[in-house]
Every structure is written in structure tokens, then in C-alpha cells.
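> quick check, what structure comes out for this input:
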Amino acid sequence: MEQKVILITGASSGIGYDTAIRLAGQGHKVYGAARRVELVERLRERGVIPIRMDVTDEISMIDGVNGIIDTEGRIDVLINNAGYGYLGAVENVSIAEAKRQLEVNLFGLARLTQLVLPFMRKQHSGRIINTSSVAGKAVIMFGGWYNVSKYSVEAFSDALRMEVKPFGIDVSIIEPGGIKTDWGIIAANNLDTSTIDTAYENMGYKMASLLKLGYTSNLLSNPRKVAKAITRAVNARRPRVRYRLGAGSGLIVFFHAILPARWWDAIMRKIAS
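Model (predicted):
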């Protein structure tokens, strides 16, 4: 297998952590990026090179990309994996928090892509893999701004794929469903925080409780399943445009597509009632 130079964001835990280890174990040169570099230092013993990078801080992204280019002379694969979920009613989530979620989940991803693309075009090869979600295909109650961010990643990736193909660059989208990571607990806690003492408190509490129950159960898929899909996207001669996987991912998108909007709305309200 040809060794590739890979940059992956959000490598400090969950999907990013497992993916970085898997790719390094295959002999690739993997740079694992996170806001707090001490959280990725433990990856060093697994063959991953930890770097500090905050996708809301352009200087850290420029320094990170330039550092890899200075050392390796190339970047073959960019895996945009950093992201988080802040759930809450549209009325309650502040515009400042909404902007922050878009800054992390969309604009940071977009800016890092812009920084890497000139080097990929010069070498006339490269691969960009963006972690989206089934939340980019199906809206959930209280998903609001998180759904907006993931729908935007889908559209951004589709446009990017068409634009960069003539330069030998492939773009793939990872669309996880229910994956057992800390994401669900953090999102549930954010939902509790954003709805407490508001008109949405009861519904928010019930939805948050369901999230916590689901993300502490054995019903969801292991993050290694997503790591395997990302690895396939890295190594495939002709990678797929989309990799949809994880508990319920296919059914959620299917029913969201075929059900009348009012039926879907009613199901979401029933879950939170």
C-alpha cells in the first residue's frame, strides 16, 4: 500500500481518534489535529504525529498546513472530522452560539480545505473526506442549527467535488447515523442547558433524556465502524461519493424522504411528548 500523508482534525477522541490509529497502523503518515494538543499526545505512541489546530483559528490552521508541507512536501488526504452538536429550540439558541456551531462545523472545514487545495492541485492528486451526518439529510426536532451546519457540509462537498475533479482530487462525504461517542451526551447536555426555564423545557428534557439513554446503551454502532469507512475512502482507487453507515442511518434518511412533511413533524413531536 502506498504511504499517504494525511491530516485529520478532531483526532482527540471518538471517530477521529480511532481513524488516526487505524490509518497510522496501515503505514500512512498521519497528522492528528486537535485544539488541545495534550489530548492527542497519547496518539504519538501509536504512530500518529499530534499537532495543535483550532478550526476557528485561521493562524493555527495556516501554521499546521505549512508545517506539514515543510516536513513532508505534500498532503495527500485531508479528513475534516472536527465538529460538535449544540441542540436547542430555534427561539432559544443564541445567534452567537449558532455562529460558533457553523464556524466549527462548516467554515473551519471550508477554510482548511482552501488552505490544502493549492498543494493538492500542484501535485495533481489528493483526497478530501468530510464528516457530515444523517443530520445533513433528515431534520430532527431541536436539531436546528446543527442540521443547518450538516446540510451545509453536504452542499459544500457536492460543489467542491465537481470543481476539483479536473485536478485529480476526489471528495467523499461520511454520513454516520447513531454512533456511540461522547457527541450524544454532550449534545443532550447542551439541549438541557438551552431549554431549561423556557417554554420548551419539558420537550427538551424528554428529548435530552432519550439521547442520553440511547448514547449509553448498546444499540448504537461503535465508532470503529466509521473509522473503517473513512479508511476505505482513503485507500480506495475510486472512492465513493457518500459512505452512509451506523445505527438507523439508512432508515432515517429513507423515511424522511418518503413521508409527507407533516407526518415526519408529528413523529418528531411524538418522540418529545
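> show me the strands in the stretch 101-250 of the chain, by range?
According to DSSP state E, counting those that start in this stretch, the stretch 101-250 of the chain carries its strands in the segments 126-131, 169-176, 242-245.
> nearest to residue 66, of those strands?
strand 126-131 (16.5 Å; CB to CB). For glycine as for every other residue, the C-beta is placed from the backbone atoms N, C-alpha and C.
> on that earlier part again, how about the strands of the stretch 101-250 of the chain in CSV, adding distance to residue 71, mean neighbour count and mean pLDDT?
Formatted as CSV, these follow (distance: least, CB to CB, whole Å; neighbours: other CB atoms under 10 Å; pLDDT from 0 to 100):
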stretch, distance to residue 71, mean neighbour count, mean pLDDT
strand 126-131, 17, 24, 98
strand 169-176, 21, 24, 96
strand 242-245, 29, 19, 92
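> could you dump these to JSON lines with distance to residue 50?
Listed next are the strands of the stretch 101-250 of the chain as JSON lines, based on distance: least, CB to CB, whole Å:
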{"stretch": "strand 126-131", "distance to residue 50": "19"}
{"stretch": "strand 169-176", "distance to residue 50": "22"}
{"stretch": "strand 242-245", "distance to residue 50": "26"}
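> which one of the ones you listed lies closest to residue 51?
Among those, the nearest to residue 51 by CB to CB is strand 126-131 (17.9 Å).
> other SSEs contacting the closest one?
Applying 3 or more CB pairs under 8 Å, 6 or more residues apart in numbering; DSSP states H and E, we find strand 126-131 packed against strand 77-80, helix 108-123, helix 144-164, strand 169-176, helix 223-235.
> which stretch among those comes nearest residue 188?
Of the helices and strands packed on strand 126-131, nearest to residue 188 by CB to CB is helix 144-164, at 12.3 Å.
> ok and the closest one relative to strand 126-131, angle-wise?
Interaxial angle, helix 144-164 versus strand 126-131 (axes from the mean of the first three to the mean of the last three CA atoms, to 10 degrees): 160 degrees.
> how much does helix 144-164 deviate in direction from helix 108-123?
Computed by the same axes, to 10 degrees, the angle separating helix 144-164 from helix 108-123 equals 10 degrees.
> helices and strands around helix 144-164, which ones?
helix 95-102, helix 108-123, strand 126-131, strand 169-176.
> between the ones you listed, which gets nearest to residue 56?
Across the helices and strands packed on helix 144-164, residue 56 has its closest neighbour in helix 108-123 (5.7 Å, CB to CB).
> reformat the helices and strands packed on helix 144-164 as TSV; add distance to residue 203.
Formatted as TSV, those follow (distance: least, CB to CB, whole Å):
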stretch	distance to residue 203
helix 95-102	19
helix 108-123	31
strand 126-131	28
strand 169-176	25
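> among those, which is nearest residue 196?
The nearest among those, by CB to CB, is helix 95-102 at 14.7 Å.
> so residue 128 sits against residue 80, correct?
Yes - contact status for residue 128 versus residue 80: in contact at 7.1 Å, counting by CB atoms under 8 Å.
> okay, and the common contacts of these two?
Each of residue 113 lies in contact with both residue 128 and residue 80 under the rule CB atoms under 8 Å, 6 or more residues apart in numbering.
> most centrally placed residue in this protein?
residue 131 (3.5 Å; CA atoms, centre = their mean).
> pull the contacting residues for it.
Neighbour list for residue 131: 10, 15, 79-81, 83, 153, 174, 176, 226, 230 [criterion: CB under 8 Å, 6+ apart].
> neighbour-wise, which one of these leads?
Each of those was scored for neighbours by other CB atoms under 10 Å, and residue 79 scores highest at 29 neighbours.
> that one touches residue 7, doesn't it?
Yes - look at residue 79 against residue 7 with CB under 8 Å: they come within range, at 7.0 Å.
> intersection of neighbour lists for these two?
Joint contacts of residue 79 and residue 7 (CB under 8 Å, 6+ apart) do not exist.
> helices and strands around the helix or strand hosting residue 6, which ones?
Using DSSP states H and E, residue 6 maps to strand 5-8. Judged by 3+ CB pairs under 8 Å, 6+ apart, strand 5-8 is in contact with helix 14-25, strand 29-34, helix 58-72, strand 77-80.
> partner strands of that strand, with direction?
Here strand 5-8 is paired, per DSSP bridges, with strand 29-34 (parallel), strand 77-80 (parallel).
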